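Peer 1: Here you go, sequence then predicted model.
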Amino acid sequence: MIFGTQWYILFNVIAGASTIPTELRFAATNLRLSGLLKWRRYYLPAVFPSLVTGALTATGGSWNASIVSEYVSWGDTTLKAEGLGSYIAEMTATGDFPRIALGIGVMCVFVMGFNRFVWRKLYQMAERGLNF
């Protein structure tokens, strides 16, 4: 999953770095920023919003892949891991609609909570700007 999701982060960071204004680049050069100070005051604040977007996308993609891969059936062979995806797949296979709704509800509450308490905080940090 890491090899598949690293591209979300990489491409978003490249896109963020390509949108750095030329004036900001000139200012960093004129101030003779170098080494760690250049990273802390110039590069990281400039690409942090894109890094957060890439991390959010990568997390969503890897979580979807892990949910789907918890219950795999091929012919007479069924591979099953214990988890939310397996629960939803098993209840779908048996046609137990109330438990399917329960599994989807738990998944929605988890995603909304994670968005509220993790990603929203990171986006607020990105909006305010990084201050090290």
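Peer 2: Yep, that arrived.

Peer 1: Leaving out the residues flanking it, which one is nearest to the residue positioned nearest the centre of the chain?
Peer 2: The centroid of the chain falls nearest to Leu56 when counting by C-alpha atoms, centre = their mean (2.3 Å). Leaving aside its sequence neighbours, Leu56 sits nearest to Trp119 (C-beta to C-beta, 6 or more residues apart in numbering; 5.4 Å). From N, CA and C alone the C-beta is placed, and that goes for glycine too.

Peer 1: picking up where we left off before, can you give the contact residues for whichever helix or strand the residue nearest to the centre of the chain is part of?
Peer 2: Counting by DSSP states H and E, the element that carries Leu56 is helix 44-68. Identification of contacts with helix 44-68 by C-beta atoms under 8 Å, 6 or more residues apart in numbering yields 1-2, 4-6, 8-13, 15-17, 19-20, 24, 83-85, 88, 107, 119, 122-123, 125-127, 129-130, 132.

Peer 1: among the residues you listed, which ones are buried?
Peer 2: With burial judged by 16 or more other C-beta atoms under 10 Å, the buried subset of the contacts of helix 44-68 is 5, 8-9, 12-13, 16, 84-85, 88, 107, 119, 122, 126.
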